[in-house]
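> this is the structure alone, sequence omitted:
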């Protein structure tokens, strides 16, 4: 099975990486080649001479590769591929909620299937999937999976990362087949009262809401309720940002995501409870059927996320093999589940949770036993402790390069923290199951819930304590894709060399280290020679950063209290992504004359009040109080508007003749939109940070594009 999955997976990856394969012509050609290959294999396989015995295998591999490309392409055609038809258009839409609503602090986010309503013909035209962001209020909180809405909204493509190195919503939602979004206030939508078709997932989610009510009725509130819901039922919206960050920094975020460990606990519990059925052949079949059914019921209760789907599918295959008296190979079971899931939904390969889930299990399957066998501790307790350490190390070996690439941090204390957290979380899951099981017995459930709450509070306390330790995580690590792949090669080669002691693996290890260092060296060379101007996004704040090699200076102003810590975080992420080590800061002034604190930083930067020259590029940071001479023009290459100056783009263009105008995030949204409409009408080069996100300009590219001598 593993040999079948590799070419199929390669086909899906090629379709994602090479957009040229997405045209209809290529898809038709690949379909003809695949069909011809299958017919040829069937025709010649029996008459093929022995010396060409490799040919059918090669043709099957190519056929599986092409099948992977075609599967990904066909899935794209029916999900995200059609959504651009509705982009940047307004109208009346009929939307069906496809996933449980995500309730945030001030909004409710809905993944919906949208249909355009034609009022003249009274027909619905399918437009694909869309993210609707609704203002949070009592009506919005009552929305459920499967509800229908009628709304009037303009849909836009989902914006990318607001700042360099930050979370990219467009990539995240694209992995879920969504590329459009719309924002609704309280008056722009209404819930439709229509008959709903029966849905197993809707039934499961209603049951999940009922189970969460058991926790609430027995006094659980706040983050204790949020962690309980996340651990048992896969509902994590009740957990605060700070607590999530603590779990992430300590390497225990997997606890809050219902995954293989949680499904495994359910499986072990069922195996123990139903153990009496193992005595007869009929009992074994009944026991296996009950385990599989209950596992899938639990998977549906938790929302059927990719990690849960993978765990339930793998355990179902294992249980089925046991019924047939087979001992399944873990890697083959893993490959089978991967093939089934990608055939059903190739876009899952873009999902970061899906990637982490399969990499972690692959690491445990490949690395756990050799690591565990390196040391043979005496005694049951020592053996269990070493087993937990081996599992943690095996999973980290397989996931830490992807973690560095995606999240730019590594949990330094993952071994001691997991030694405490994993047994405690298992006990919490068993206790939580008992609480739900005794929900109909008020007295027992009440006291069980108190014990359950104490265990969860202990868990949160341990995580917060570990998060407060010095050096809890190595942060600010930014890897390129080639560096990440070469790091995986390093890990595999080290493991093979240590376990098999062959010189060839040592050579491969040294070669992969050279490749990794070469990738790092290229990044360092780029960073040492970079000249950048960055205007970063933070609401009601001005953040302008000049970068000269590995040094930078930021000019900033905060119009809202409490913005400074967030600004420092945004600036630090940007500096880490660019390898900046030396920094200075200067405050912009709101006083008359709009002066800027003078800074001596680099010979390439000259400053006169609010005007700068950065290696030949003339820049003005223009605010409401900026002094602008009336008797002459000031030629500038770039103008940065801040603080809602009372002006229009035509006046700015007439006074400064800039090649580019940028409105930062200290300008209100309405004024930025007016400037944007004016720029679209007049053709003036304009970027609004509030709407379009941060902008990072490379000086060499800017000079070439603007034809600056």
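Okay, I see it. Since we're looking at a predicted model, the values are computed, not measured. Numbers count the residues shown, from 1 in each chain.
> quick one: the helices in the stretch 401-550 of the chain?
414-437, 442-467, 481-500, 503-528 (DSSP state H, counting those that start in this stretch).
> how about the second one: buried residues?
Same thing as helix 442-467. In terms of neighbour count (16 or more other CB atoms under 10 Å), helix 442-467 has its buried residues at 445, 448-449, 452-453, 455-456, 459-460, 462-463, 466-467. Just so you know, the C-beta spots here come from the backbone N, C-alpha and C atoms, and that holds for glycine as well.
> stretch 524-537 now?
For stretch 524-537, by 16+ other CB under 10 Å, it's 527, 530, 531, 532, 533, 534, 535, 536, 537.
> what's the closest of the residues you listed to residue 187?
Nearest to residue 187 out of the buried residues of stretch 524-537 is residue 537 (CB to CB; 28.4 Å).
> and that closest one, what is it in contact with?
162, 163, 543, 570, 664, 665, 689, 690, 693, 694 (CB atoms under 8 Å, 6 or more residues apart in numbering).
> hmm, the last one is touching residue 535, no?
Yes - using CB atoms under 8 Å, residue 694 makes contact with residue 535 at a distance of 6.3 Å.
> state the mean pLDDT of the helix or strand where residue 36 lies.
Using DSSP states H and E, residue 36 sits in helix 24-44. Helix 24-44 shows a mean pLDDT of 64.
> could you pull out the helices for the stretch 1-150 of the chain?
Going by DSSP H, counting those that start in this stretch, the stretch 1-150 of the chain shows helices at 2-17, 24-44, 54-78, 138-141.
> by how many degrees do the first one and helix 481-500 diverge?
Read it as helix 2-17. With axes from the mean of the first three to the mean of the last three CA atoms, to 10 degrees defining the directions, helix 2-17 sits at 160 degrees from helix 481-500.
> that older thread, export the buried residues of stretch 524-537 to CSV and tack on distance to residue 612?
Output for the buried residues of stretch 524-537, formatted as CSV (distance: CB to CB, whole Å):
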residue, distance to residue 612
527, 22
530, 18
531, 13
532, 14
533, 9
534, 14
535, 13
536, 17
537, 20
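> what about the stretch 301-450 of the chain, any weak spots by pLDDT?
Judged against pLDDT under 70, the stretch 301-450 of the chain has no low-scoring part.
> now for the chain, the helix or strand with the poorest mean pLDDT.
helix 24-44 (a mean of 64; mean pLDDT, DSSP states H and E).
> quick one, grab the pLDDT at the closest residue to residue 246 other than its chain neighbours.
Take residue 246 and drop its neighbours on the chain: the residue closest to it by CB to CB, 6 or more residues apart in numbering is residue 467, 3.9 Å away. What the model reports for residue 467 is a pLDDT of 90.
> now do the contacts for residue 467.
Contacts of residue 467 (CB under 8 Å, 6+ apart): 245, 246, 249, 250.
> which of those fall within helices?
Among these, DSSP state H puts 245, 246, 249 in helices.
> JSON lines for these, including pLDDT?
Compiled in JSON lines, the ones in helices among the contacts of residue 467 are given as follows (pLDDT from 0 to 100):
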{"residue": "245", "pLDDT": "86"}
{"residue": "246", "pLDDT": "88"}
{"residue": "249", "pLDDT": "86"}
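> now residue 321, nearest residue through space, not along the chain?
Distances taken as CB to CB, 6+ apart place residue 328 nearest to residue 321, at 4.2 Å, with adjacent residues excluded.
> dihedrals phi and psi, that neighbour?
Backbone geometry at residue 328, expressed as degrees, to the nearest 10, gives phi -70, psi 140.
> i'd like the first residue to be 85 from this point on
OK, 85 is where the count begins now, so the last one is residue 412.
> please report the distance of it from residue 216.
In this structure, residue 412 and residue 216 are 43 Å apart, going by CB to CB, to the nearest Å.
> these two: which is more packed in?
The residue with more neighbours, out of residue 412 and residue 216, is residue 216; 27 against 18, by other CB atoms under 10 Å.
> any idea how far that one is from residue 277?
As judged by CB to CB, residue 216 and residue 277 stand 19 Å apart.
> and what of residue 227?
Distance from residue 227 to residue 277, counting by CB to CB: 13 Å.
> which of the two has more neighbours?
residue 227 (19 against 7).
> how about that one, what does it touch?
181, 185, 192, 194, 218, 233, 275.
> redo that, cut-off 10 Å
181, 184, 185, 187, 192, 194, 216, 218, 233, 273, 275 (CB atoms under 10 Å, 6 or more residues apart in numbering).
> still on that earlier bit, ok, of the contacts of residue 621, which one's closest to residue 688?
Checking the contacts of residue 621 against residue 688 with CB to CB, the nearest one is residue 627 at 20.2 Å.
> against residue 525, how distant is that closest one?
Residue 627 is 57 Å from residue 525, by CB to CB.
> the two: who's more crowded?
More neighbours surround residue 627 than the other of residue 627 and residue 525, with 27 against 10 (other CB under 10 Å).
> that one touches residue 637, doesn't it?
No - between residue 627 and residue 637 no contact is recorded; they are 11.8 Å apart, counting by CB atoms under 10 Å.
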